[in-house]
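J.: got a predicted model here, sequence first, then my questions.
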Amino acid sequence: MKHLLSSLVVLALALGISCTAFAQGEINLLAPGPIKEPMDKLIAAYQTKTGTHVKVTYAGGVPSRKQVADGKGLDVDLLFAPFPDVLKTGNIDPHSATVVARVRLALAVKKGAPKPDISTPAAVKKTLLDAKSITSVDPAQGSVGGIAEACLDKLGIADQVKPKLKWVRGGDVVQDSVAKGEIEIALGPYLSDMKNPGVDVVGPLPPGASTPVDITGFLGNSLKDTKDAKAFLAYLRSKDAAPVWEEAKIFPAK
């Protein structure tokens, strides 16, 4: 047996096969922290299904984009759109872009408060204009703030609501301030992590009021063997993954 193993090693070296070729089946993944709950479930299911190990690192939506732009991305990078600054660095393969799911902006109010109409863009516009106060995450701190800004711009009311809009450092502060009645309306991600017991999530805003945000996977340009990484991205947008995304209030890619 020892002689057989030695012969295999010698043959591998003779063929120019490195030792790392025997350690296939591992993917280093960078993903936004707000989708940690569904990602952990999807990774566990994928590992069980394929035997491929996925080592994940989570960062905020804005920090994760900065990390990749700074050349510190991993084998697979999941990013919240938009990401023009990342694309122009050349650190990721633009041809590998794979939309795996979509996030939508949601509106929340204090538990038990009347739920405003957000069924149409016009209704959302009226609700925000009528609100006494609005809060969301500072765009410099989290992606949802940028989504909220884009929503207000799309509705043409950014200047009108500016005096009553309070930017804060994180989603927990957004929800807590509404739960305490300090702020009337929260603009946050339509995700399962918006679960402060003192808050009622009215629902996701219609696309006409807030464009859904793609969660897009890219392969790092330094990745040599892309087979496992491509298979993993394909799984994240598959029918098998869809129920996990939906459970987390994230919309599967179609």
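T.: Nice, thanks for sending it over.
J.: number of residues surrounding the nearest residue to G61 once chain neighbours are set aside?
T.: Among residues not flanking G61 along the chain, S143 sits closest, at 3.0 Å (Cβ to Cβ, 6 or more residues apart in numbering). Where C-beta positions appear, they are placed from N, C-alpha and C, glycine not excepted. Other residues near S143 come to 24 when the count uses other Cβ atoms under 10 Å.
J.: ok, L105 next?
T.: Neighbours of L105 (other Cβ under 10 Å): 22.
J.: numbering from 8 from now on, please.
T.: Yep, numbering from 8; the last one is L112 now.
J.: P123 contacts L114, doesn't it?
T.: Yes - the pair P123 / L114 is scored as a contact, 7.2 Å apart, by Cβ atoms under 8 Å.
J.: shared neighbours, the two?
T.: The contact sets of P123 and L114 overlap at T134, I192, V209 (Cβ atoms under 8 Å, 6 or more residues apart in numbering).
J.: who's the second one bridged to?
T.: The one in question is I192. Under DSSP bridges, the beta-bridge partners of I192 are V116, I141.
J.: need the contact list for it.
T.: L114, A115, V116, P123, T134, L135, A138, S140, I141, T142, V185.
J.: state the helix or strand in which the fifth one lies.
T.: According to DSSP states H and E, T134 maps onto helix 128-137.
J.: for that helix, list every residue counted as buried.
T.: Neighbour-count burial for helix 128-137, counted by 16 or more other Cβ atoms under 10 Å, picks out P128, V131, K132, K133, T134, L135.
J.: show me what it is packed up against.
T.: helix 150-162, helix 165-168 (3 or more Cβ pairs under 8 Å, 6 or more residues apart in numbering; DSSP states H and E).
J.: and those helices, which is most packed in?
T.: helix 150-162 (a mean of 21; mean count of other Cβ atoms under 10 Å).
J.: P123 and L114: which is more packed in?
T.: L114 (26 against 18).
J.: hang on, the earlier thing: between the contacts of I192, which is nearest G97?
T.: T142 (37.3 Å; Cβ to Cβ).
J.: how about the helices in this structure?
T.: 9-21, 43-57, 68-76, 91-94, 128-137, 150-162, 165-168, 178-186, 234-243, 249-254 (DSSP state H).
J.: wait, which of these is closest to V107?
T.: helix 234-243 (3.9 Å).
J.: shaky segments in the stretch 8-157 of the chain?
T.: 8-31 (pLDDT under 70).
J.: now for the closest residue in space to D183 that isn't next to it in sequence, how many residues are close by?
T.: Computed as Cβ to Cβ, 6+ apart, the closest residue to D183 that is not its neighbour in sequence is N203, at 6.6 Å. Using other Cβ under 10 Å, N203 has 19 other residues around it.
J.: and N203, how far from A186?
T.: Noted for N203: a distance of 5 Å to A186, by Cβ to Cβ, to the nearest Å.
J.: can you check P123 too?
T.: P123 is 17 Å from A186, by Cβ to Cβ.
J.: ok, now T134?
T.: On the measure of Cβ to Cβ, T134 and A186 end up 19 Å apart.
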